[in-house]
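Asker: okay, here's the prediction I keep looking at, along with the sequence it came from:
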Amino acid sequence: MSDIQKVIDKINKKPYVINMGANKIASWLKVTPESVREAKKILHREGLLGEVPAHKLDPHTLPKILILDIETAPLRAYVWRTWRQNIYLDQMISDWFMITWAAKWLLEPETFSQRLNSKEILQEDDKRIVETLWHLLNQADIVIAHNGKSFDIPKIKSRFLLHGLPPTTYYQQIDTKEVAKREFGFSSNKLEGLARTFGIEGKDETDFTLWSACMDGNEDALKYMEIYNRKDVSVLEEVYLIMRPYIKAHPNYNLFIDSEEAVCPNCGGRSLEFVGYYYFTQTGKYRNYRCKSCGALARERKSVYTNSKSILVSNGK
């Protein structure tokens with residue numbers, strides 16, 4: 001196998017690395033940078049950007065679940081006071097952009113991440129890391145982020161649009177902050193607060209001086225920001241797994257697997273047992289099952305009543 005084909009095969013398996021530096025990929029695969037550059041040209045000519053990932057066309061695979069977190073630069077502006085301050089466009093010095101991102105596939109050991117270098121952050125240029133993140137998100141069936149629906153995903157899509165990238169293939173979202181607020185009554189719904197409540201080793205220590213040093217192009221600060229970001233992803237995965245049995249609107253694993261055998265809708269587990277009682281609606285009675293893997297409850301789609309029984313319902317509102 002030629003070095004060029006070796007690179008093509010590896011990028012086809014992990015398309016999100018296509019925009020990583022040629023030297024970095026070459027060192028990883030032990031090939032020449034020239035081979036990497038030629039392989040990239042071939043892949044771009046074949047239209048890798050926007051291609052539907054193969055696993056999304058395979059009805060027998062489990063969903064690919066991505067744990068994701070980003071860190072962004074602060075807005076900088078001229079202000080006259082420290083509270084209740086409206087910032088007009090003319091007062092802004094610079095807008096936000098992405099500094100780092102980190103992600104991992106659920107229950108997989110490897111964590112992926114990228115950060116801006118000193119030159120890029122001083123130029124406020126996040127195109128390189130945004131494009132790589134696009135390829136990663138394009139693989140996902142489900143994305144998990146803390147406050148993701150209000151912050152991470154809208155921010156990420158904003159950068160995709162500004163850098164001329166098309167929409168990724170569709171994925172469903174799980175926002176662990178939203179789950180915590182809806183299902184529980186914890187004193188804090190922040191990721192750090194949930195980690196402490198669950199006895200998980202929390203986020204790394206930091207304060208605004210880290211963001212300030214990053215904005216000045218300090219390489220050590222940028223490296224620490226990436227480490228901080230990666231730790232958040234690790235914590236987020238543990239928090240999600242603890243709360244998973246309680247997520248009522250969890251994307252249904254059964255819809256991703258073309259099989260007659262029912263699986264747990266929350267985790268895909270195949271060991272389900274009837275718990276001995278039923279779920280009732282106005283017109284139906286359904287068996288409840290518990291997953292022995294994650295503990296989540298699920299019910300059958302078909303009512304135990306047959307069409308031979310007439311069901312009357314109240315006329316009340």
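Answerer: Yep, that arrived. If you're wondering where the values come from, they're calculated on a predicted model, not measured in any experiment.
Asker: and residue 93, its phi and psi?
Answerer: phi -90, psi -50 (degrees, to the nearest 10).
Asker: wait, it touches residue 79, no?
Answerer: No. The criterion here is C-beta atoms under 8 Å, and residue 93 misses it with residue 79 at 10.5 Å. Bear in mind the C-beta positions are built from the backbone N, C-alpha and C, glycine included.
Asker: would you verify that residue 170 is located in a helix?
Answerer: No. Assessed with DSSP: H, G, I helix; E, B strand; the rest coil, residue 170 is coil; it does not lie in a helix.
Asker: now do the SS call for residue 244.
Answerer: Per three-state DSSP, residue 244 ends up helix.
Asker: hang on, it packs against residue 269?
Answerer: No. Counting by C-beta under 8 Å, residue 244 does not reach residue 269; the two are 10.8 Å apart.
Asker: any common contacting residues for the two?
Answerer: residue 294 (C-beta atoms under 8 Å, 6 or more residues apart in numbering).
Asker: for the stretch 101-250 of the chain, just list every one of the helices.
Answerer: 118-122, 127-137, 153-162, 176-183, 191-198, 208-215, 219-243 (DSSP state H, counting those that start in this stretch).
Asker: neighbour count winner among residue 244 and residue 269?
Answerer: residue 244 (21 against 16; other C-beta atoms under 10 Å).
Asker: model confidence for that one, exactly?
Answerer: Predicted confidence (pLDDT) for residue 244: 96.
Asker: next one: it from residue 222, what distance?
Answerer: Distance check for residue 244 against residue 222: by C-beta to C-beta, to the nearest Å, it reads 33 Å.
Asker: hey, which of the helices of the stretch 101-250 of the chain is tucked in deepest?
Answerer: helix 127-137 (a mean of 21; mean count of other C-beta atoms under 10 Å).
Asker: among the helices of the stretch 101-250 of the chain, which comes closest to residue 291?
Answerer: In terms of C-beta to C-beta, the element of the helices of the stretch 101-250 of the chain nearest to residue 291 is helix 219-243, at 13.1 Å.
Asker: by contact count, what packs against the closest one?
Answerer: Helices and strands touching helix 219-243, by 3 or more C-beta pairs under 8 Å, 6 or more residues apart in numbering; DSSP states H and E, are strand 65-72, strand 98-105, strand 111-115, helix 118-122, strand 142-145, helix 176-183, helix 191-198, helix 208-215.
Asker: ok, then the element right after that helix?
Answerer: Next in sequence after helix 219-243, counting helices and strands by DSSP states H and E, comes strand 272-280.
Asker: the helix or strand just after that following strand pairs with which strands, parallel or anti?
Answerer: Following strand 272-280 in sequence order, the next helix or strand is strand 285-291 (DSSP H and E). Using DSSP bridges, strand 285-291 pairs in its sheet with strand 272-280 (antiparallel), strand 297-299 (antiparallel).
Asker: alright, I will stop here.
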